[in-house]
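Visitor: predicted coordinates and the sequence they were generated for:
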Amino acid sequence: MRPEALNPLFRETETLDGVGPKLMRPLEKLGLTRVRDLAYHLPERFVERHAVADLDEATVGENIIVALTVREHRSSAGRGPFRVLAEDARGNVCAISYFGRAAYSGKKALPVGEQRWVAGRLDQYGQMLQIVHPDHVAESASGLAGQVREPVYGLSEGMTLGRITGLVQQALKVAPELPEWCEPGLVERMGWPRWREALETAHRRMDPLARDRLAYDELLANALALMLVRMSNRSQKGTPLVGDGALRAKLKLPFALTGAQARSIAEIEGDLAQAAPMLRLLQGDVGSGKTVVALSAMLIAVESGAQAAMLAPTEILARQHHETLMRMAQGTGVEIALLTGRDKGRARESILMGLLDGSIDILVGTHAIFQEAVAYKNLALAVIDEQHRFGVSQRLLLAKKGRRTPHFLAMTATPIPRTLTLAQYGEMDVSRLDELPPGRQAIDTRVVSVERMDDVLGALARHLEGGGQAYWVCPMVREGGGDQGADDIAAAEARYAGLKARFGDDVVMVHGQLRPEQKDAAMERFASGGAKLLVATTVIEVGVDVPNATLMVIEQAERFGLAQLHQLRGRVGRGQAASVCLLLRGAELSETGRKRLALMRETQDGFRLAEEDLELRGGGELLGTRQSGDTPFRVATLEQIQKLLPIAHDDARLLIERDGGLAGERGEAARLLLYLFERDWGVQLLRGG
Ligand code: ADP
Ligand code: MG
């Protein structure tokens, strides 16, 4: 149960004034379903408006507030805007334009013959001054007094700035004073305001101190929760697993382990021998050879007379893993079964029996393998592929599966910089596969200006004529988000049409707005070689493996994050033939953009790219350009993470160690903080001991 003090923050947004079902749709899209979310929906920036006596005082492009007298309403034929012609005190004429249904509100707000104060951005349309969709219209100057400086919030379709500002204000009004959870010395040294004041300030002006404080709260909550997980894990009883090596000796691998693989296996072996359950993350790029490391770990469990289970994020990957493991473990006599949501009836029953009587040693599957009905004789190790889809709270459920808590190995192919690893996986020990198996061909990566499109198309034509396949990637940076998303899809569709005109029916396309069947059908045609060119937004799924596709063109490469580019590029270079990746860049490129693309050309090391990307982006790239899913945080920016996370970690440790687990006044406050940032499981662990 959440402490009462937080109740007003966790009410549904629907309980606020003026919010009906219609407004809930866009609110949900923005993730603003509760009052708390609104309070933390910080402005992307602020508009500063210049109040002018007349339009001669204003410059085009400026945000202004000006008094205008309405002269004429002019509806246009067809799809043009509805225009209101208005005059300032000196007789300068300005058009106030409304598109689509907004015309109605414009007509009402600006009656002919009346004077109104209008706030908006002054533009020029031909010879005419114009304000398109003014932000505010008021009947008196005082009506706009509060609008001289105004927050700009992230919006979605169906939501206006005025609406969201009103809702945020309501949220702030009900936000309670909360006790201080930050270390008093730190607050003083940093000059930070208290929580509630910080929140209000952050919505009123760009105030780095207020923003830092709010970000720090989030980082502290995260650090505390991860540390509590670690602490509680240490106090649990697991089964020490010391294999005799007999099964591992029977493995007939067609290759020698890389140094990084051998090191990781040794680290895992050391953990498994302990009574405290292992909590380890295995990080390694696509192709770095994580599977054989996982298999070795599972064999240690089986050698010790216990069972192991491996969870994959999708059905297809589960099947692939099952096949791979069966192939590798041939001749060891180890029984490996597959269980997915699709298995029903007798087949499923027999697997459940085998797990219970211990005749199955290793189970591979989707989330079905940890469902209620699945009982193990002696589950001692759980391996989870692609950890980021499997949260800590789910892991706590998993802990109840064995008689003792199973050892836990998470695997991820996402290279994450060290600072972020700490933020995301701070409760775990980390093994890194930072070395690819030998013999991999480097991908020849080149940066080409979009002005050389003809050459690129020529190279593509030669590649396809030679029997090769290729990917063409179009940017889709803001998935599903507002108008920009629509623009990206339109651009991708246009490119697809152009490529089809040139290369005929050999071209297929996938993007996020297709139905799954359509997507599958296109992918299938490409994978089977029926289609030669796949045009895609960034939705090329993990696990796509088409060795014959050895050319990739990425359009507007400067718009992608380096990590994203790296993942995309990993789709080529999978066969024996040399692969090429062409990064098309815009005609104009910022200094940072140039550096980032140069880095792509220079290295194929995912970890290095991740580190440098953080460095380049952290250093002053605009707020709001970060990609969702980059970090587990909504408030803290990359820059703040780098600056404040180490402090938050130290403070969390002190708080827990000194007070023996969140006792005392500050401890109580810190519990509130955990709830505020929805690390409820942290508190539960504390209770469960
Ligand atoms: P990951 O899961 O990390 O993406 P995999 O485990 O699927 O990578 O391995 C990728 C490929 O590399 C597989 O074909 C695997 O058999 C092979 N491989 C793994 N380790 C080595 C090694 N040490 N030497 C050569 N090939 C290896
Ligand atoms: Mg893998």
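Guide: Structure received. Just so it is clear, the structure is predicted and the values come from calculations on it, not from any experiment. Numbers count the residues shown, from 1 in each chain. Ligands and ions are numbered 1, 2, ... in the order given.
Visitor: how far out from the middle of the chain is the helix ranked longest in the chain?
Guide: Using DSSP state H to define each element, the chain has its longest helix at helix 208-234. Centroid separation for helix 208-234 versus its chain: 19 Å, with C-alpha atoms, centre = their mean, to the nearest Å.
Visitor: now for it, which elements pack on it?
Guide: Using 3 or more C-beta pairs under 8 Å, 6 or more residues apart in numbering; DSSP states H and E, the elements in contact with helix 208-234 are helix 184-190, helix 195-204, strand 279-284, helix 392-398, helix 418-425, helix 638-658, helix 664-676, helix 680-688. Heads up, the C-betas are built off the backbone N, CA and C, glycines and all.
Visitor: residues in contact with the residue nearest to Phe99 when sequence neighbours are not counted?
Guide: Take Phe99 and drop its neighbours on the chain: the residue closest to it by C-beta to C-beta, 6 or more residues apart in numbering is Pro81, 4.9 Å away. Neighbouring residues of Pro81 by C-beta atoms under 8 Å, 6 or more residues apart in numbering: 97-99, 103, 132.
Visitor: by neighbours, which of those residues wins?
Guide: Per-residue neighbour counts (other C-beta atoms under 10 Å) across the contacts of Pro81 peak at Ser97, which has 23 neighbours.
Visitor: hmm, Val132 and it touching each other?
Guide: Yes - between Ser97 and Val132 a contact is recorded at 4.9 Å, counting by C-beta atoms under 8 Å.
Visitor: now the helices for the stretch 401-550 of the chain?
Guide: 418-425, 453-465, 482-503, 516-527 (DSSP state H, counting those that start in this stretch).
Visitor: so what are the domain limits for the protein?
Guide: Residue ranges for the domains of the chain, per automatic domain parsing: 46-152, 236-433, 444-603.
Visitor: among those domains, which is the most enclosed?
Guide: Greatest average neighbour count among the domains of the chain goes to domain 236-433 (a mean of 19), per mean count of other C-beta atoms under 10 Å.
Visitor: distance between that one and the chain's centre?
Guide: Taking mean C-alpha positions (C-alpha atoms, centre = their mean), domain 236-433 and its chain are 25 Å apart.
Visitor: measure stretch 304-324 end to end?
Guide: Across stretch 304-324, the terminal residues are separated by 23 Å (C-alpha to C-alpha, to the nearest Å).
Visitor: does that stretch reach ligand 1?
Guide: No - judged by C-beta under 6 Å from any ligand atom, stretch 304-324 stays clear of ligand 1, getting no closer than 6.8 Å.
Visitor: where does this structure dip in pLDDT?
Guide: Low-confidence segments of the chain, defined by pLDDT under 70: 387-402, 477-486, 538-545, 617-631, 659-660, 686-689.
Visitor: parallel or antiparallel, list what pairs with the helix or strand containing Thr69.
Guide: Per DSSP states H and E, Thr69 falls inside strand 63-74. Partners of strand 63-74 in the sheet, by DSSP bridges, are strand 50-51 (parallel), strand 82-87 (antiparallel), strand 115-125 (antiparallel).
Visitor: possible to save the ones you listed as JSON lines with distance to ligand 1?
Guide: What follows is the strands paired with strand 63-74, written out as JSON lines (distance: least, C-beta to the nearest ligand atom, whole Å):
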{"stretch": "strand 50-51", "distance to ligand 1": "56"}
{"stretch": "strand 82-87", "distance to ligand 1": "57"}
{"stretch": "strand 115-125", "distance to ligand 1": "49"}
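Visitor: please convert the helices and strands packed on helix 208-234 to a markdown table, extending it with distance to Asn222.
Guide: Output for the helices and strands packed on helix 208-234, formatted as a markdown table (distance: least, C-beta to C-beta, whole Å):
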| stretch | distance to Asn222 |
| --- | --- |
| helix 184-190 | 16 |
| helix 195-204 | 16 |
| strand 279-284 | 16 |
| helix 392-398 | 11 |
| helix 418-425 | 6 |
| helix 638-658 | 8 |
| helix 664-676 | 9 |
| helix 680-688 | 9 |
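Visitor: can you redo those as CSV with distance to ligand 1?
Guide: Conversion of the helices and strands packed on helix 208-234 to CSV gives the following (distance: least, C-beta to the nearest ligand atom, whole Å):
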stretch, distance to ligand 1
helix 184-190, 41
helix 195-204, 42
strand 279-284, 5
helix 392-398, 21
helix 418-425, 17
helix 638-658, 26
helix 664-676, 34
helix 680-688, 29
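Visitor: do you know which of those lies nearest Lys532?
Guide: strand 279-284 (31.7 Å; C-beta to C-beta).
Visitor: how about the residues of the stretch 301-450 of the chain by ligand 1?
Guide: Residues of the stretch 301-450 of the chain found near ligand 1 (C-beta under 6 Å from any ligand atom) are 413, 437.
Visitor: okay, strands next: where are they in the stretch 301-450 of the chain?
Guide: Applying DSSP state E, counting those that start in this stretch to the stretch 301-450 of the chain gives strands spanning 307-311, 336-339, 362-365, 379-385, 407-412, 429-433, 444-449.
Visitor: who wins for proximity to Gly61 among those?
Guide: Of all the strands of the stretch 301-450 of the chain, it is strand 444-449 that lies closest to Gly61, at 28.8 Å by C-beta to C-beta.
Visitor: quick one: list the elements packing against that closest one.
Guide: Using 3+ C-beta pairs under 8 Å, 6+ apart as the contact test, the elements touching strand 444-449 are strand 580-585, helix 591-602.
Visitor: show residues contacting the longest one.
Guide: Yep, that's helix 591-602 we're talking about. With contacts defined as C-beta under 8 Å, 6+ apart, helix 591-602 is touched by 445-447, 557-558, 562, 565-566, 569, 583, 585, 589, 609, 612-613, 616-617, 621.
Visitor: could you list which of the residues you listed belong to helices?
Guide: Using DSSP H, those in helices are 562, 565-566, 569, 609, 612-613, 616-617.
Visitor: for those, which one is nearest ligand 1?
Guide: His566 (13.4 Å; C-beta to the nearest ligand atom).
Visitor: quick one: the closest one and Gly504, what's the gap?
Guide: Separation of His566 from Gly504 (C-beta to C-beta, to the nearest Å): 32 Å.
Visitor: next: Glu87.
Guide: Counting by C-beta to C-beta, the separation of Glu87 from Gly504 is 59 Å.
Visitor: Tyr125 too?
Guide: Counting by C-beta to C-beta - Tyr125 and Gly504 are separated by 43 Å.
Visitor: try Ser590
Guide: Ser590 sits 38 Å away from Gly504, going by C-beta to C-beta.
Visitor: hang on, Pro43 is in a strand, isn't it?
Guide: No - per DSSP: H, G, I helix; E, B strand; the rest coil, Pro43 lies outside any strand segment and is coil.
Visitor: list the residues that contact it.
Guide: The contact partners of Pro43, by C-beta under 8 Å, 6+ apart, come to 151-153, 202-203.
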